[in-house]
Each structure stands twice: as C-alpha cells, then as structure tokens.
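[1] turn this into a model:
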Amino acid sequence: MKLLFDQGTPAPLRRQLPGHSVDTLAEKGWSEKSNGELLDLAEQEGYAVLVTTDQSLPFQQNLARWRIGLVVLLSTDWSQIRLRTREIARGIEAVRPGHAIEVPIPRPG
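    Residues are numbered from 1 along each chain as shown. Predicted coordinates:
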C-alpha cells in the first residue's frame, strides 16, 4: 500500500511497516501545502493513506470528498509511537477511503 507521512509523523516508523511504500511530505516537497491541497495531491499520486499527527485535520476537511484514508497518531513522540507499531499497522489496514482512524499513543508514566 502506498502511504504518505506528514511532517509530524516520525520517519523511522516506515521501517516498522514492511510491505508498504512510504514517502514523507518533505521528500515530496509538499511540506508547505495546505491540508486541502495536500489531500488533492496525495490522491492524484495514488496514496491510499495519509499518516498524520494533525489531530484537527479530520475536523477541518470533509474527508468524504477524497479517496484517501487518514490514520491520526495522537502523539509525535517516536519513543512512544515505536511501542504502538502493531496498532498503527492495524489502523492502516482498517481505514477506509474518506475516513479517519485515531491511534492512541499513551504518554509514558
């Protein structure tokens, strides 16, 4: 599956998702795009899922307009995200086009 990571999604996560093709916004030169532009571009380039840490994105956009799914990580902390890679992978497999799934990332302590 073709995945796109936003700037808040730790790039090392890509190594924990074998079988997926992963690009980042920075690699694509899309870091400065607005959310709507980003979703348009991602869809045009055939991305199935955007993995994001922008918790407000699903509420700012009418996701039903796009054929891309969103997996929203509720943290940007790699030390905690790396402990939840199975849940993230399940979210990527489960999300449907035009929908979002949140993956909770508990805080340490």
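[2] how about the helices in the protein?
    With helices called from DSSP state H, the chain shows them at 25-28, 35-44, 57-60, 78-81, 85-94.
[3] the bottom helix or strand of this protein by mean pLDDT?
    Using mean pLDDT, DSSP states H and E, the weakest-scoring helix or strand in the chain turns out to be helix 57-60, at a mean of 91.
[4] residue contacts, residue 41?
    Contact analysis of residue 41 by CB atoms under 8 Å, 6 or more residues apart in numbering lists 28, 30, 33. (C-beta placed from N, C-alpha, C; glycine too.)
[5] still on that earlier bit, make CSV out of the helices of the chain and add distance to residue 67.
    Converted to CSV, those look like this (distance: least, CB to CB, whole Å):
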stretch, distance to residue 67
helix 25-28, 18
helix 35-44, 6
helix 57-60, 15
helix 78-81, 26
helix 85-94, 15
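[6] point out where the chain drops to low pLDDT.
    For the chain, the stretches flagged by pLDDT under 70 are 108-109.
[7] residue 23 pairs with what?
    Beta bridges link residue 23 to residue 4, judged by DSSP bridges.
[8] surely it and residue 11 touch.
    No. Contact between residue 23 and residue 11 fails when scored by CB atoms under 8 Å: they sit 10.1 Å apart.
[9] re the thing from before, out of the helices of the chain, which is closest to residue 72?
    The closest of these to residue 72 is helix 57-60. By CB to CB, the value is 6.4 Å.
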